[in-house]
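[1] Here's my sequence, what's the structure:
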Amino acid sequence: MDDKVILLVEDNPDDEALTLRALKKNNFMNEVVVARDGAEALDYLFAMNRYAARDIREWPAVVLLDLKLPKVSGLEVLRKIRSDERTRAMSVVILTSSKEEQDVTESYDLGVNSYVRKPVDFAKFVEAVKQIGLYWLLLNEPPIPPRRA
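    Here you go, the predicted model:
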């Protein structure tokens, strides 16, 4: 299980630290790549700029995607993931504090796999991360990435 990479797209340093702490507390030892804005997430996913040497066919097990991001919004990142045949089937979970109904609706319209609101209470957040990890890292059988670049 710990060979599966998690892509965490989070601009808030406190939320990043809480998510990493929650993963560790639940004994998920997977490598976590952190992108701190939407542009960096797209660079990682599509092997551009500083990630140009990364094999685009090696998908993260799951993308934990915040919505309110600098440079490129989370919804735009999701839109680009779903519009590219190389990444269309990638597992994406929105992990956000947004309570806007429109964000939920648009996320599902764009094809998100799951939408999770970040609980404010740390114990609840740890449990939410545990459930996300158990499903997406242990139970989910991910699609096989296309073998053409």
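[2] burial of L65, as a residue count?
    26 (other Cβ atoms under 10 Å). Quick note: C-beta positions are derived from backbone N, CA and C, even for glycine.
[3] Please apply the same query to the one 4 residues further on.
    Under the neighbour criterion other Cβ under 10 Å, L69 is assigned a count of 24.
[4] Let me see the contact set for it.
    9, 11, 37-38, 41, 77 (Cβ atoms under 8 Å, 6 or more residues apart in numbering).
[5] ok, now with 10 Å
    Shown in contact with L69 (Cβ atoms under 10 Å, 6 or more residues apart in numbering): 9-12, 35-41, 75-77, 96.
[6] From V93, how far out is the spatially closest residue to T87 that is not a sequence neighbour?
    Nearest non-adjacent residue to T87, counting by Cβ to Cβ, 6 or more residues apart in numbering: I81, 4.8 Å away. Using Cβ to Cβ, to the nearest Å, I81 is found at 12 Å from V93.
[7] Spit out the residues that contact those two alike.
    63, 65, 112.
[8] Just the ones of these in strands?
    If you go by DSSP state E, the shared contacts of I81 and V93 have 63, 65 in strands.
[9] Give me the more crowded residue out of I81 and V93.
    More neighbours surround I81 than the other of I81 and V93, with 24 against 19 (other Cβ under 10 Å).
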